[in-house]
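Visitor: all I have is the shape, not the residue letters:
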Ligand SMILES: [Zn+2]
């Protein structure tokens with residue numbers, strides 16, 4: 001949940017950015033009252049109705065504060081589950097609103113989900129501003145939009161659980177309630193930096209709970225092929241070790257060649273600089289997708305290789321394919 005002050009005027013904002021690719025997972029309207037679906041059986045309803053999550057849409061958002069997590073770029077520790085607390089805004093509405101106003105409201109998340117769309121707007125390799133500094137340095141963050149029928153609620157939590165499962169699987173994290181899957185409510189209690197309690201109350205309105213939500217996450221996670229290997233996890237969870245050199249122990253290698261840049265989550269790949277202590281600093285510059293860049297050096301940091309494209313601008317191997325000269 002975030003500030004609700006300006007959300008009422010979202011309809012115009014949505015129209016301005018409506019161009020582009022929308023998946024058309026149009027769903028035949030079905031209405032079921034909460035009484036028809038007995039409390040606690042939302043997950044059964046999803047199974048019995050054969051509800052399938054929709055595909056994740058990856059769009060480029062406007063948030064240009066590129067910062068890694070406390071363990072580094074591409075090293076989230078889990079996902080915070082939010083709920084927007086706005087009864088009248090769809091995922092499209094929220095995406096438009098946040099892309100327009102994140103600087104003034106100082107809030108941004110990775111994705112918005114409703115009954116028909118999952119819209120990712122910031123690379124999950126990097127943090128966002130969703131739940132206070134401690135949580136922001138650890139977690140991917142997703143907002144669930146409010147729905148008004150049991151069928152739509154069931155579809156929305158299926159989409160939300162799928163998104164969480166997809167991210168945990170992608171980063172080789174297990175499904176662990178309270179650790180890798182946390183509610184904003186839990187985050188507020190753990191770190192005391194926010195007082196929001198979402199999505200607990202909204203879930204309760206539908207006879208639903210975080211425990212049941214996590215069961216649904218586990219179901220989709222299992223369908224993705226079980227456990228995943230966490231590439232580079234051991235080195236990535238430690239801070240950079242100093243082996244005695246004065247650049248933080250990171251060695252730059254002379255390696256001339258070309259890097260081809262592609263970031264599926266954006267129109268560009270972000271660049272970072274290296275501080276004198278070896279840690280990375282975010283840049284607000286990036287390289288356009290599908291472009292080739294001359295590189296003369298590479299260096300390894302937190303389990304990733306970075307390629308230098310200017311004096312102190314480097315692109316991470318996640319987005320770059322290197323070809324030696
Ligand atoms: Zn929240």
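Guide: Sure thing, it's come through. No experiment lies behind these values; they were computed from the predicted model shown. Numbering: from 1, shown residues only.

Visitor: when you work out contacts or count neighbours from here on, use the C-alpha atoms and nothing else.
Guide: Will do.

Visitor: quick one, strands of the protein?
Guide: For the chain, strands defined by DSSP state E occupy the ranges 56-58, 78-83, 111-113, 118-120, 139-144, 181-183, 252-261, 268-274, 280-288, 291-301, 304-310, 313-316, 320-324.

Visitor: dump the residue contacts of residue 153.
Guide: Applying CA atoms under 8 Å, 6 or more residues apart in numbering to residue 153 gives the contacts 115, 146-147, 206.

Visitor: ok, and the most crowded of those residues?
Guide: residue 115 (26 neighbours; other CA atoms under 10 Å).

Visitor: and that residue, what does it touch?
Guide: By CA under 8 Å, 6+ apart, residue 115 lies in contact with 147, 152-157, 159.

Visitor: same thing but at 7 Å, please
Guide: By CA atoms under 7 Å, 6 or more residues apart in numbering, the residues touching residue 115 are 152-153, 155-156.

Visitor: show the pLDDT at the closest residue to it other than its chain neighbours.
Guide: For residue 115, ignoring the flanking residues on the chain, the nearest one in space by CA to CA, 6 or more residues apart in numbering is residue 156 at 3.8 Å. Residue 156 is assigned 98 on the pLDDT scale.

Visitor: how many residues are close by residue 156?
Guide: 24.

Visitor: same thing with residue 95?
Guide: 27.

Visitor: tell me how far it lies from residue 54.
Guide: Per CA to CA, to the nearest Å, residue 95 is found 17 Å from residue 54.

Visitor: what's the longest helix in the chain?
Guide: If you go by DSSP state H, the chain has its longest helix at helix 150-170.

Visitor: how far away from the center of its chain is that one?
Guide: On the basis of CA atoms, centre = their mean, to the nearest Å, helix 150-170 sits 13 Å off its chain's mean C-alpha point.

Visitor: may I see the buried residues of it?
Guide: For helix 150-170, a neighbour-count test (16 or more other CA atoms under 10 Å) marks 150-169 as buried.

Visitor: that helix versus strand 139-144: what angle between them?
Guide: Comparing the axes of helix 150-170 and strand 139-144 via axes from the mean of the first three to the mean of the last three CA atoms, to 10 degrees yields an angle of 170 degrees.
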